[in-house]
Structure formats: structure tokens, C-alpha cells
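J.: Here is a sequence with its predicted model. Questions after.
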Amino acid sequence: MSKNKPSDPGFETVFFESVLRNNPAYPEVVELLGGLYTKQGRIADGLKMDRKLVRLQPENPTAHYNLACSLALSKRADDALRSLKQAVALGYRDFDWISQDPDLETLQPHPEFQRILSQLQPKS
């Protein structure tokens, strides 16, 4: 009987980087690497993957949302807000997550962020 071992982000990163070298247009791997890099504090590398994913899947709202998060973590608020607006325009609707996502914390004081949230806020 095998027990579940905790994931090893270093191993996963090396593995997915090798997969991506063999197939640079593999969107699922690009997305996974973006998340792994960000979790490891490699914000610039995560941003690079998120930009690549948006190029590969320009109509994917989650790709634009992830790009907004990476841009916010990179302290590029205006670009992050543009990407977040694009994610919403393409159908991203998770109000609860957007309102408390720690990656977007730097955007919370911005009036444009509050406007985006008000568009998505469930009506009572």
C-alpha cells in the first residue's frame, strides 16, 4: 500500500520544464509552470509563463486572470487591472476569489479594482 507523499515543487518544476522543452506550445504545462514558479517566489518566471499562456489561448479567461495576478505581484498595477478587466470580459466570474486573492492585494485600493468587483458582486 502506498502513501501519498507531499509534492516536491522542485522536482515538478524540472519535470514540466523538460516537457515544455519538447513541446513549447503545451498550454496545460505552461499554466502549471506559471503556478509552480509563482509558488516558489519566481515571480518573473511565472509572469513569463502567464504571458505565454495568453498568447497560446487569447480567449481563456483564466489565463488572463493568472496574468493579472502575476502583474500585480510584479507591482504593475495598471497592466494587472487591464488583464483583470480582460479576464472578466472573457467570462471570469469568481467574485469570492477575486475579492480575497492574496496575489491581487496590491490592487484592492485602486478604484478600478473596486469597479470590477462591483460588476461581479452577486446581487442580494
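T.: Arrived safely, thanks for sending.
J.: For Pro122, see how far away the residue minimising distance to the centre of the chain is.
T.: Per C-alpha atoms, centre = their mean, the C-alpha nearest to the average position across the chain is that of Asn66, at 1.6 Å. Relative to Pro122, Asn66 is positioned 23 Å away (criterion: C-beta to C-beta, to the nearest Å). Any C-beta I mention is one placed from the backbone N, CA and C, and that applies to glycine too.
J.: returning to what we had before: surely the residue nearest to the centre of the chain and Leu33 touch.
T.: No - here Asn66 lies out of contact with Leu33, judged by C-beta atoms under 8 Å, at a distance of 11.2 Å.
J.: tell me which element Thr62 is part of?
T.: Using DSSP states H and E, Thr62 falls within helix 61-73.
J.: helices or strands next to that helix in the packing?
T.: Identification of packing neighbours for helix 61-73 by 3 or more C-beta pairs under 8 Å, 6 or more residues apart in numbering; DSSP states H and E yields helix 27-39, helix 43-56, helix 77-89.
J.: In JSON lines: these, plus mean pLDDT.
T.: Shown next, in JSON lines, are these (pLDDT from 0 to 100):
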{"stretch": "helix 27-39", "mean pLDDT": "96"}
{"stretch": "helix 43-56", "mean pLDDT": "98"}
{"stretch": "helix 77-89", "mean pLDDT": "98"}
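J.: any idea how far stretch 110-124 is from the chain center?
T.: Computed by C-alpha atoms, centre = their mean, to the nearest Å, the separation of stretch 110-124 from the middle of its chain amounts to 19 Å.
J.: Can you name the residues in contact with it?
T.: Ala77, Leu81, Leu84, Lys85, Val88, Arg93, Phe95, Ile98, Ser99, Leu104, Leu107, Gln108 (C-beta atoms under 8 Å, 6 or more residues apart in numbering).
J.: List the buried residues in that stretch.
T.: His110, Phe113, Ile116, Leu117 (16 or more other C-beta atoms under 10 Å).
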